[in-house]
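Student: with the sequence up front, the predicted model follows.
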Amino acid sequence: WLWPIAVHDWPEESAELDYFYSTDALVTGPDIVFFWVARMIMAGYEFKDDLPFKDVYFTSILRDETGRKFSKSLGNSPDPFELFEEYGTDAVRFGTMLMAPQGLDVLFSSTRLEVGRNFMNKLWNASRFVLMNLEDGQVPAIDLNAEELDLPERWIISKLQSCVQKYNRQLDRFHFNEAAKVLYDFTWNDFCDWYIEIAKTRFYGNSATAADASRSVAIHVLKTVLTILHPYAPFISEELWAQIKSKDDPDLIIHKWPQVDLNKKDDEAEKKMELLQEIITGIRTIRSRMNIPSGEKSDLIAKCDNEMAEFLQTHQDIIAALTRTSSVLTGTDQTKPEQSATVVIGKNELYIPLGGLIDLDVEIARLQKRSDEIKGHLLGISNKLSNKQFMSKAPKKVVSREKEKQEDMTAELAKVNANLEILQ
């Protein structure tokens, strides 16, 4: 309990003691708050007449899946080095932080570390893809503040500002798991799943200017992501940083922390990008539901107002690349073709003609067969749940599982019947 002062020259006064006492934060477990933390505070006031630390951060206590605290004597604590070997050191660090809410106990399972491993793999692959598409390994000398950027670039930079802002706010609150989640969501969903896919259309497109702008933006985003990831995953972030940093950049561990630039927040770009994502997701969903082969391109017909028509034409290349659509017909006078699927976007309708893309008779027969199978399963479940003897004797878990199956199959039946209605 004398630790805050005894590690220095106390009881002698010294410049070192004056400098380091009091400190900012104490990191400890909640199980010793009365044994040590309270006594440190009392001793601080007794001997230095001052609080020894401003904040106390209680780490989560890791427990096994039965709720027992990890203990060497119980033999229920996993060997960290074995976890490092299986999942990777950074994956274990990041995965553990994701599952550890502030001050709450965690029922630890090594399989939950797969989230951390998958994230590290995703980031590594995205970084390697960007690096592979730099001409001669050089980042284009583009001033992103002066360049007139297209919608995807303005969007990802705006989302990056929001990410850094939310991330810093969670760190300031000591919500380290929430900070990790903010970074995870932005990197996985916004950057990897959307921007990198759009960047491919730039890298392999006909416009050298658009390609260079996309390369420069991708590197800018990556450098920021690696910087704020470093406290969680120092090894992979330093490795990737060494490959993308400029000659003037220091090592990542001493690199300047990124600052939020509110001037780069672009609400209009975010709103337009949400619309583009809604269009692309809607078309992809239809293609998946209708089992349209990935190699087959479909037409796109839009019954829409002039604003939507202009939007579709402006972003036709991105939509075509990410949805495997070819020609786009727009206008308020467009009509829905026979045997076509519909995507509703606000007051506008997008039609995807299915003729020639799939064997309609075969698909109708497949869906009808599946509909009959589901109806049979639902009948069996309904008979079980209406059986008083079953309901009184079956364990609660079994009854709950049957009800869950009933809900899932009812939802699937609705989708199958909706698809049949489109084709018939």
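Tutor: That came in fine, so what should we check first?
Student: I'd say residue 130 and residue 219 touch.
Tutor: Yes - between residue 130 and residue 219 there is a contact under CB atoms under 8 Å: 6.6 Å. All C-beta atoms are positioned from the backbone trio N, CA, C, and that covers glycine.
Student: any idea how far the residue most central in space within the chain is from residue 109?
Tutor: Centroid-nearest residue in the chain, with CA atoms, centre = their mean: residue 185, separated by 2.5 Å. Using CB to CB, to the nearest Å, residue 185 is found at 22 Å from residue 109.
Student: also residue 339?
Tutor: 48 Å.
Student: so how far is the helix or strand hosting residue 177 off the chain centroid?
Tutor: Secondary structure from DSSP states H and E places residue 177 in helix 176-185. Mean-position distance between helix 176-185 and its chain equals 9 Å (CA atoms, centre = their mean, to the nearest Å).
Student: stretch 385-395 too?
Tutor: That offset, for stretch 385-395, works out to 42 Å (CA atoms, centre = their mean).
Student: quick one: what helix or strand has residue 56 in it?
Tutor: Here residue 56 is assigned to strand 53-58, by DSSP H and E.
Student: who does that strand pair up with?
Tutor: Take DSSP bridges as the rule and strand 53-58 pairs in its sheet with strand 23-28 (parallel).
Student: how about stretch 200-218: buried residues?
Tutor: Residues 201-203, 210-218 are the ones in stretch 200-218 that count as buried (16 or more other CB atoms under 10 Å).
Student: right, and residue 137 touches residue 219 too?
Tutor: No - Residue 137 is not in contact with residue 219 according to CB under 8 Å; the separation is 11.3 Å.
Student: higher neighbour count, those two?
Tutor: The neighbour count for residue 137 versus residue 219, taken as other CB atoms under 10 Å, is higher for residue 219 (20 against 9).
Student: nearest residue to the more buried one other than its sequence neighbours?
Tutor: Of all residues not flanking residue 219 in the chain, residue 139 sits nearest, at 5.0 Å (CB to CB, 6 or more residues apart in numbering).
Student: phi, psi for that neighbour please.
Tutor: Torsion angles at residue 139 (phi, psi; degrees, to the nearest 10) stand at phi -80, psi 130.
Student: now list whatever residues contact both of residue 130 and residue 219.
Tutor: residue 244 (CB atoms under 8 Å, 6 or more residues apart in numbering).
Student: that older thread, looking at residue 339 and residue 109, which is more packed in?
Tutor: residue 339 (15 against 12).
Student: so that one touches residue 359, yeah?
Tutor: No - using CB under 8 Å as the test, residue 339 is too far from residue 359 to be in contact (11.9 Å).
Student: ranges for the strands of the stretch 101-250 of the chain?
Tutor: Ranges of strands in the stretch 101-250 of the chain, per DSSP state E, counting those that start in this stretch, are 106-107.
Student: any weak-confidence spans in it?
Tutor: Low-confidence segments of the stretch 101-250 of the chain (pLDDT under 70): 102-103, 146.
Student: could you rerun that using 50?
Tutor: For the stretch 101-250 of the chain, no stretch has pLDDT under 50.
Student: helices along that one, start to end?
Tutor: 114-132, 151-172, 176-185, 196-203, 208-229, 234-244 (DSSP state H, counting those that start in this stretch).
Student: can you give me the buried ones in the first one?
Tutor: Yep, that's helix 114-132 we're talking about. Under the neighbour-count criterion of 16+ other CB under 10 Å, helix 114-132 has 115-117, 119-120, 122-123, 126-127, 130-131 buried.
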